[in-house]
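Q: Okay, here's the prediction I keep looking at, along with the sequence it came from:
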Amino acid sequence: MTSSIGRRFAALLAIVLGVGSIVLAVVAFVEHFPRGLFVLALTVLALSAGWHGLLRRGAPRAISLAIAVVALIVALILLLGRNAGLTIAIVVTAVGAVAAARVAVTVRVRKPPAPAPSHPVMFFNPRSGGGKAERFHLADEARRRGIEPIELTFDTTLEALVDAALERGADGLAMAGGDGSQAVVAAAAAKAGLPYACIPSGTRNHFALDLGVDRDDVVGALDAFANGWEQRVDLAEVNGRVFVNNVSLGLYAQAVQSSGYRDAKLRTLLDTIPEVAGPAGSAPSLRWTTPDGLTHEGGVALLVSNNPYRLGRAVGSGTRPRIDSGTLGVAVIGPRGGTGEGLMQQWSGPSIEVDGGAQLPAGIDGEAALLDSPIRFVSRPRALRVRIAPHHPGRSPSAGLPENGLVGLRTLARIAFGPSG
């Protein structure tokens, strides 16, 4: 209830401050025309860019927030010396509106703690994420919480380590490493019906992000086995192999195969583009069937994900609002063969089959692989019991977020003035 009241107050405050900043900008426009015209435009730009940035991550967030800050600074300079009080009021209300809006649309899940396992085990890759496991003393922190740490080594596979731990009676499995390793441990946990915890010690931790694990709190993620709560999420399979994020075919898959990809990802990807999509490109001819039963051929890149991603310019782009819909997300980019369709096609469904020759290069959760064709993808709904630390969000950053500014305004109004719940 407190959380609901807090979100309602934050939404109301965002609306009041947003309207207030625009009203103040209009006053400045009237009093200091034509200079005030630019102040009004800059204020609207700052609010729009700030909203856009706070609901995104990575480079889009940094660029949008930078635009908002610059717009406010320029507005401040234009009014400096004319009306200092009005200038300060415009800046404060605009910044406050964006901050309050962010609080209003962010939902944190709160559930009762699940019973703690008696013999949880954490596997960790000491090299993943630039050595995060050592930097955060993960092994010691795990022991302090009653979790057995097991380090990955060159002479034993992760699958073998997991099997050995299960034979010794492990009743909870955690993985501290990249998403490829997460998939291995998650598959074993799902098969054994055991709870699983994702420890974000990899480089990007995409699975952790969409699960609602705080990627900046590596050590705190271990609390999932102490007093965390539990949710069920989907897994997905490609030719019988489990993946947690996505499988790519075509352009990105070709780049992942390169020996230099890990050290220079962007350069490798750029070098691969003409090889795959250029006039003499060697992209495999992909064939797939859409939910309407029609078979298509082409595409420079095809992405199949465990639940659909938000792609394009939508708020929260690059994340999955949920991982429990029981569906795969499919995106085909750059049609070839004269299909006449748009640059990107997207749909979702419980399964898909792709054909493209004897073997196709693939990127499975960012790792290079070769897949026999036809390639069969299938969703495994609610197959995995995931434990989340009590102080972590527990939801994807795009869960419940509006897809654009207009929808965002309606969302704020609904939170502020709609029924409680």
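A: Here it is on my side, so go on.

Q: wait, what's in contact with R241?
A: If a contact means Cβ atoms under 8 Å, 6 or more residues apart in numbering, then R241 has 364, 369 as its contacts. Every C-beta, even on glycine, is put in place using the N, C-alpha and C of the backbone.

Q: and it, how far is that from V247?
A: 9 Å (Cβ to Cβ, to the nearest Å).

Q: Need the residues touching each of those two.
A: Common contact partners of R241 and V247 (Cβ under 8 Å, 6+ apart): I364.

Q: Next, the distance between the ends of stretch 223-236.
A: 26 Å (Cα to Cα, to the nearest Å).

Q: What residues of it count as buried?
A: Going by neighbour count (16 or more other Cβ atoms under 10 Å), the buried part of stretch 223-236 is 223-226, 228-231, 233-236.

Q: got JSON lines for those, with pLDDT too?
A: As requested, those are exported to JSON lines (pLDDT from 0 to 100):
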{"residue": "D223", "pLDDT": "97"}
{"residue": "A224", "pLDDT": "96"}
{"residue": "F225", "pLDDT": "96"}
{"residue": "A226", "pLDDT": "90"}
{"residue": "G228", "pLDDT": "94"}
{"residue": "W229", "pLDDT": "95"}
{"residue": "E230", "pLDDT": "95"}
{"residue": "Q231", "pLDDT": "94"}
{"residue": "V233", "pLDDT": "97"}
{"residue": "D234", "pLDDT": "98"}
{"residue": "L235", "pLDDT": "98"}
{"residue": "A236", "pLDDT": "98"}
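
Q: which residues in the protein form helices?
A: Shown for the chain, the helices assigned by DSSP state H span residues 2-31, 35-54, 58-79, 84-105, 132-135, 138-144, 158-167, 179-192, 206-211, 224-227, 251-257, 265-277, 405-417.

Q: helices and strands around the longest one, which ones?
A: For helix 2-31, the packing partners by 3 or more Cβ pairs under 8 Å, 6 or more residues apart in numbering; DSSP states H and E come out as helix 35-54, helix 84-105, helix 405-417.

Q: farthest pair in the buried residues of stretch 223-236?
A: A226 and A236 (29.2 Å; Cβ to Cβ).

Q: before we move on, the earlier item: of the buried residues of stretch 223-236, closest to P381?
A: D234 (5.3 Å).

Q: isn't the closest one right up against N307?
A: Yes - look at D234 against N307 with Cβ atoms under 8 Å: they come within range, at 6.1 Å.

Q: Overlap of the contact sets of these two?
A: 323-325, 379.

Q: ok, and the most crowded of those residues?
A: Neighbour counts for the shared contacts of D234 and N307 (other Cβ atoms under 10 Å) peak at I323, which has 25 neighbours.

Q: Just list the residues touching the closest residue to it other than its chain neighbours, thanks.
A: Closest residue to I323 apart from its sequence neighbours, by Cβ to Cβ, 6 or more residues apart in numbering: V233 at 4.3 Å. Taking Cβ under 8 Å, 6+ apart, we find V233 in contact with 211, 323-324, 382-384, 386.

Q: roughly how far apart are the spatially closest residue to V242 that is not a sequence neighbour and R241?
A: Closest residue in space to V242, ignoring its immediate chain neighbours: A187 at 3.8 Å, by Cβ to Cβ, 6+ apart. A187 sits 8 Å away from R241, going by Cβ to Cβ.

Q: what bits of the stretch 101-250 of the chain have low per-residue confidence?
A: The model of the stretch 101-250 of the chain has pLDDT under 70 over residues 105-110.

Q: Kindly recompute the last result at 90.
A: Low-confidence segments of the stretch 101-250 of the chain (pLDDT under 90): 101-113, 129-130, 154-155, 203-204, 248-250.

Q: got it, and the stretch 251-400 of the chain?
A: Where the stretch 251-400 of the chain drops to pLDDT under 90, the residues are 251-303, 309-319, 321, 331-347, 354-363, 366-370, 373-374, 393-400.

Q: the strands in it, which residues?
A: Under the criterion DSSP state E, counting those that start in this stretch, the stretch 251-400 of the chain contains strands at 287-289, 295-297, 301-306, 328-333, 344-349, 351-355, 359-364, 367-372, 375-388.

Q: quick one: which of the ones you listed is nearest K191?
A: Ranking the strands of the stretch 251-400 of the chain by proximity to K191 (Cβ to Cβ) places strand 375-388 first, at 8.9 Å.

Q: Apart from its chain neighbours, what residue comes closest to the residue nearest the centre of the chain?
A: The centre of the chain sits closest to T319, judged by Cα atoms, centre = their mean, with a distance of 3.2 Å. The shortest distance from T319 to any non-neighbouring residue, by Cβ to Cβ, 6+ apart, is to S398 (4.4 Å).

Q: what's the closest non-adjacent residue to V103?
A: Using Cβ to Cβ, 6+ apart, the closest residue to V103 is A10 (4.0 Å).

Q: and if you look at R143?
A: In this structure, R143 finds its nearest non-sequential neighbour in P149, 6.4 Å apart by Cβ to Cβ, 6+ apart.

Q: what do you get for I415?
A: By the measure of Cβ to Cβ, 6+ apart, the closest residue to I415 outside its immediate chain neighbours is A11, 3.9 Å from it.

Q: Could you do L161 as well?
A: Distance criterion Cβ to Cβ, 6+ apart; nearest residue to L161, sequence neighbours excluded, is I150 at 5.7 Å.

Q: residues in contact with that neighbour?
A: By Cβ under 8 Å, 6+ apart, the residues touching I150 are 121-124, 161, 165.

Q: switch to 7 Å and redo it
A: Contacts for I150 were tallied using Cβ atoms under 7 Å, 6 or more residues apart in numbering; they are 121, 123, 161, 165.
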